[in-house]
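Enquirer: output the structure for:
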Amino acid sequence: MKLQFNDITRYLETSGIIDFGCRVSCEITDLALKIKDYSQDETGYIKNAFEYVRDNISHSADIQGNKVTCKASEVLREKEGICYAKSHLLAALLRCNQIPAGFCYQRLILDSETAPYLILHGLNAVYIKALDKWVRLDARGNKPDVNAQFSLAQEQLAFPVRIKLGEEDIPTIFAVPDENVINALTKNKSLEALWANLPTKLYFN
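Expert: Predicted structure coming up:
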């Protein structure tokens, strides 16, 4: 994996989408403090923040939800979002405690039977200071056929990349969410519309 920017402070920034800090979202700050209280160290905080988003924020498809969320604060307030939205909240929780976090994407087949075409899948990368390395984490949310875990030795993401089917990892850790992703989440007002207009490629590319 390569960094979009060598300046690591770019991976600590707040924005209109990654909207942490009491000037914009005290709820994210409060949650970050609560998670920090039961975490033994920085690596423990990263694990706990990841597991909170994975397990406590529902993936909209899994619950047949009806809300399209984008901003980190929206995701926390509504307690649901698709993969991109959940990655925005996890980045906000990590950056809130000065832990560099970025955004990664894969191109995966949406559904082999009903929608056999490639779409973007969103996840995070976080800098583990104790190991001086970046690790990818996928807070999409687990279910019977998905088992993403916090792992420092060998990453365990939500979906395997099936290269023979044209799927791919995009080997860049971005400092900001991709513009095509943001457009999809903000312009489609229903999940039905969103499913029909999921981004298939990166704006950055």
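
Enquirer: all contacts plus neighbour counts: C-alpha atoms, from now on.
Expert: Will do.

Enquirer: verify the contact between Tyr11 and Ala101 for me.
Expert: Yes. Using CA atoms under 8 Å, Tyr11 is in contact with Ala101, at 5.3 Å.

Enquirer: can you check the pLDDT for the most centrally placed residue in the chain?
Expert: Central residue of the chain (CA atoms, centre = their mean): Ser87, 1.6 Å from the mean position. pLDDT for Ser87: 98.

Enquirer: any idea how far Leu89 is from Lys34?
Expert: Separation of Leu89 from Lys34 (CA to CA, to the nearest Å) stands at 15 Å.

Enquirer: the more surrounded of those two?
Expert: Neighbours per residue (other CA atoms under 10 Å) separate Leu89 from Lys34, with Leu89 holding more: 29 against 12.

Enquirer: the more buried one: helix or strand, and which one exactly?
Expert: Assigned by DSSP states H and E, Leu89 belongs to helix 83-96.

Enquirer: which strands and helices sit next to that helix?
Expert: Using 3 or more CA pairs under 8 Å, 6 or more residues apart in numbering; DSSP states H and E, the elements in contact with helix 83-96 are helix 26-37, helix 42-56, helix 72-78, strand 101-111, strand 115-128.

Enquirer: sorry, back to before: my guess is the residue nearest to the centre of the chain contacts His121, does it?
Expert: No. Between Ser87 and His121 there is no contact under CA under 8 Å: 10.2 Å.

Enquirer: as JSON lines, the helices and strands packed on helix 83-96 with distance to Ile18 and mean pLDDT would be great.
Expert: Shown next, in JSON lines, are the helices and strands packed on helix 83-96 (distance: least, CA to CA, whole Å; pLDDT from 0 to 100):
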{"stretch": "helix 26-37", "distance to Ile18": "10", "mean pLDDT": "95"}
{"stretch": "helix 42-56", "distance to Ile18": "14", "mean pLDDT": "98"}
{"stretch": "helix 72-78", "distance to Ile18": "5", "mean pLDDT": "97"}
{"stretch": "strand 101-111", "distance to Ile18": "11", "mean pLDDT": "95"}
{"stretch": "strand 115-128", "distance to Ile18": "13", "mean pLDDT": "95"}
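
Enquirer: looking at the ones you listed, which is closest to Asp19?
Expert: helix 72-78 (6.0 Å; CA to CA).
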